[in-house]
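Trainee: Kindly return the folded structure for what I paste below:
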Amino acid sequence: MLDEVKLWLDRHSWSASERPLDMLRAAKRTAGPAGTVSVVLPALNEEATVGAIVETIRRDLMTGDTPLVDELVVMDSGCTDGTAAAAAAAGARVVHRDTVLPRVTAAPGKGEVLWRSLLVTSGEIVCFVDADLRDFESQFVSGIVGPLLTDPGLQLVKAMYDRPMGSGGERGGRVTELVARPLLNLHWPQLAGFVQPLGGEYAARRSLLEQIPFPVGYGIEIGMLVDALELAGLDALAQVDVGVRRHRNQDGQALGRMAATIYHTAHSRLARGQLVRPVLTQFDRDDGAFAPTVHQVTT
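Mentor: Down below sits the predicted model:
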């Protein structure tokens, strides 16, 4: 692991508990218009989970004298179930993908919906949360928004978490471990410190999001990390431990398609530089925190 990444892990990796809500509300009041927060949930047939997520955010983060979240939008990515109705009933503003900039033909994929959400939200801080999360807690939002409210030098904050699969000891994040982490370690070693580089929960300043390209599919997360590093530098990026993430796990063929998209997204950025650093950093829990282990990649 690069020395600058070790230093970054010490200085730019936190737990959500380090910034309680009272601190964040005070920081939001001080920030003024720069502290406005929009939360966006991209959704494709998530009727079973989207309502509970919306209700939790509204209850915990959109009440009181200084609500942490100013607007909550569910982006309908072409749902064929009751997702839109469930989200609206829970109190979200629902926007269908096809109503945003309709002259631009919609392309299937999560990234394109996130891009369109910038046109229907107004917060200077935009927070993205996947709509398939179960047992959702509001610290998934407050944890990653918090550093942007308290540190004006930060531009992008990603959530990190454990990803259990079922009741056994198997961990999720298979595409992360098999594809994304090796790619980042080999070609963008400054990003080796991110525990969940493909996680769908992250917050960023609108000024950054409006300067970077949005891959239309599953490549959005790795593409955004690489582009943010190039545009803003490592010290503008951070991550926050928000606990445990539970969601619907996909089958092997779906993960294969996701992996191919992520690899293609990364490959399109490799033309900027061919750095290969034969080192892989992996993470495990140790005394409640994420601890890195560094391995040499030999061939």
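Trainee: who's in contact with residue 83?
Mentor: Counting by Cβ atoms under 8 Å, 6 or more residues apart in numbering, residue 83 touches 43-47, 50, 74, 76, 131. Bear in mind the C-beta positions are built from the backbone N, C-alpha and C, glycine included.
Trainee: Equivalent analysis for residue 53, please.
Mentor: 41, 129, 131, 133, 136.
Trainee: Is it within a helix or a strand, and which one?
Mentor: Using DSSP states H and E, residue 53 sits in helix 47-61.
Trainee: How far off centre is the next helix or strand after that helix?
Mentor: As assigned by DSSP H and E, the chain's next helix or strand after helix 47-61 is strand 71-76. The chain centre lies 15 Å from the centre of strand 71-76; the measure is Cα atoms, centre = their mean, to the nearest Å.
Trainee: just stretch 231-249 next, same as before
Mentor: 6 Å.
Trainee: Give me the mean pLDDT for it.
Mentor: Taken as a whole, stretch 231-249 carries a mean pLDDT of 91.
Trainee: Skip ahead from the helix ranked longest in the chain and say which helix or strand is next.
Mentor: Ordering each helix of the chain by length in residues (DSSP state H) puts helix 252-269 first. Downstream of helix 252-269, the next assigned helix or strand under DSSP H and E is strand 279-286.
Trainee: quick one: average pLDDT of that following strand?
Mentor: Averaging pLDDT along strand 279-286 yields 87.
Trainee: Residues in contact with that strand: which ones?
Mentor: For strand 279-286, using Cβ under 8 Å, 6+ apart, the contacting residues are 1, 5, 162, 177, 181-182, 185-186, 189, 192-193, 195, 290-297.
Trainee: just the CA coordinates of it, formatted as CSV?
Mentor: What follows is strand 279-286, C-alpha atoms only, in CSV (Å, rounded to 0.1, in the frame of the first residue of the first chain):
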residue,chain,number,x,y,z
VAL,A,279,0.0,-5.1,-4.9
LEU,A,280,-3.5,-6.0,-3.6
THR,A,281,-5.0,-4.6,-0.4
GLN,A,282,-7.9,-6.4,1.2
PHE,A,283,-10.0,-5.6,4.3
ASP,A,284,-11.3,-7.5,7.3
ARG,A,285,-12.9,-6.4,10.6
ASP,A,286,-10.4,-6.2,13.5
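Trainee: Now do the buried residues in it.
Mentor: Within strand 279-286, the residues scored as buried using 16 or more other Cβ atoms under 10 Å are 280-281, 283.
Trainee: from the chain's centre, how far out does that strand sit?
Mentor: Relative to the chain's own centre, strand 279-286 is displaced by 20 Å; criterion: Cα atoms, centre = their mean.
Trainee: please renumber so the chain begins at 64
Mentor: Will do, 64 is the new start, and the previous item becomes strand 342-349.
Trainee: with the contacts of residue 116 in mind, which one is nearest to residue 162?
Mentor: residue 104 (16.4 Å; Cβ to Cβ).
Trainee: Max pairwise distance over the contacts of residue 146: which two?
Mentor: Pairwise distances across the contacts of residue 146 (Cβ to Cβ) peak at 12.4 Å, for the pair 108 and 137.
Trainee: Which one of those two is surrounded by more residues?
Mentor: Legend: neighbour count by other Cβ atoms under 10 Å for residue 108 and residue 137, higher for residue 137 (29 against 16).
Trainee: residues in contact with the more buried one?
Mentor: Taking Cβ under 8 Å, 6+ apart, one finds 103-104, 106, 113, 117, 146-147, 150-151, 155-158, 194 in contact with residue 137.
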